[in-house]
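Colleague: The following comprises the amino acid sequence and a computationally predicted model.
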Amino acid sequence: MDTDRQLFELIRKGDREAFDTLFRRWYPQLVAYADRFVPREEAENVVQDVMLALWKRAAATSITSSVSSYLQGAVRNRCLNILDRKQTRERYYSAVRLSVMEATDGIGYASAKELSTLLGKALGELSEEQRRAFEDTRLRGLKYSEAAAEEGVSVKTIEYRMSQALKKLRLALAEWL
């Protein structure tokens, strides 16, 4: 039986069997670990994403500690990012709802609630990439270049995602604008 380090070296050379072996060996444990941070379904997605990233970037990845420590750290970091995004999204939705309530004070509570619901639904219908770009630039106040660096994409990609997000939001809220 190969050690994790030997399997990783084979993966770096593109050995699919070595990847499958490492995946099967660590998947249950990593899902159980991620499950401590996020719901089960998300935990499974996190582990799959981490393993896929390992496969795609193996040649450029340098593991200085043990493979298990590397995988656990990657899983933990992805889980924490998910939790941070959820908290950011909730803070944003709360702030938007509050500002909608304040801005629509004269149109009545029922209308303001309808607008708030419509806005929440519109934000929920954005793709994950569009929503992240929107939250990064509008809520967190990042510049497009900072958001691009954080996402690992070009500034033009962030600009495109933002233009698509704003277009969708304008369409969804057309009757209120």
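Modeller: Happy to help now that I have it. Residues are numbered from 1 along each chain as shown.
Colleague: If we go by neighbour counts, what in the helix or strand bottoming out on mean pLDDT in the chain is buried?
Modeller: Across the helices and strands of the chain, mean pLDDT, DSSP states H and E gives its lowest value to helix 109-124, namely a mean of 74. Neighbour-count burial for helix 109-124 flags 112, 114-116, 119, 122-123 (criterion: 16 or more other Cβ atoms under 10 Å). C-beta: built from backbone N, CA, C; applies to glycine.
Colleague: what's the answer for stretch 150-159, then?
Modeller: Judged by neighbour count (16+ other Cβ under 10 Å), stretch 150-159 contains these buried residues: 151, 157-158.
Colleague: Could you tell me which of these belong to strands?
Modeller: In this view, these have no member that belongs to strands under DSSP state E.
Colleague: could I have stretch 128-148 exported to PDB, CA atoms only?
Modeller: Written as PDB, here are the backbone C-alpha positions of stretch 128-148 (Å, rounded to 0.1, in the frame of the first residue of the first chain):
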ATOM      1  CA  GLU A 128     -22.700  32.200  -7.300                       C
ATOM      2  CA  GLU A 129     -20.000  34.100  -9.300                       C
ATOM      3  CA  GLN A 130     -22.200  37.100  -9.800                       C
ATOM      4  CA  ARG A 131     -23.300  37.200  -6.200                       C
ATOM      5  CA  ARG A 132     -19.700  37.000  -5.000                       C
ATOM      6  CA  ALA A 133     -18.700  39.800  -7.300                       C
ATOM      7  CA  PHE A 134     -21.600  41.900  -6.100                       C
ATOM      8  CA  GLU A 135     -21.000  41.200  -2.500                       C
ATOM      9  CA  ASP A 136     -17.200  41.800  -2.800                       C
ATOM     10  CA  THR A 137     -17.500  45.100  -4.600                       C
ATOM     11  CA  ARG A 138     -20.800  46.500  -3.100                       C
ATOM     12  CA  LEU A 139     -20.900  45.100   0.400                       C
ATOM     13  CA  ARG A 140     -17.200  44.600   1.300                       C
ATOM     14  CA  GLY A 141     -16.200  47.600  -0.700                       C
ATOM     15  CA  LEU A 142     -13.400  45.900  -2.600                       C
ATOM     16  CA  LYS A 143     -12.100  47.400  -5.800                       C
ATOM     17  CA  TYR A 144     -12.600  45.300  -8.900                       C
ATOM     18  CA  SER A 145      -8.900  44.500  -9.000                       C
ATOM     19  CA  GLU A 146      -9.000  43.300  -5.400                       C
ATOM     20  CA  ALA A 147     -12.000  41.200  -6.000                       C
ATOM     21  CA  ALA A 148     -10.400  39.700  -9.100                       C
END
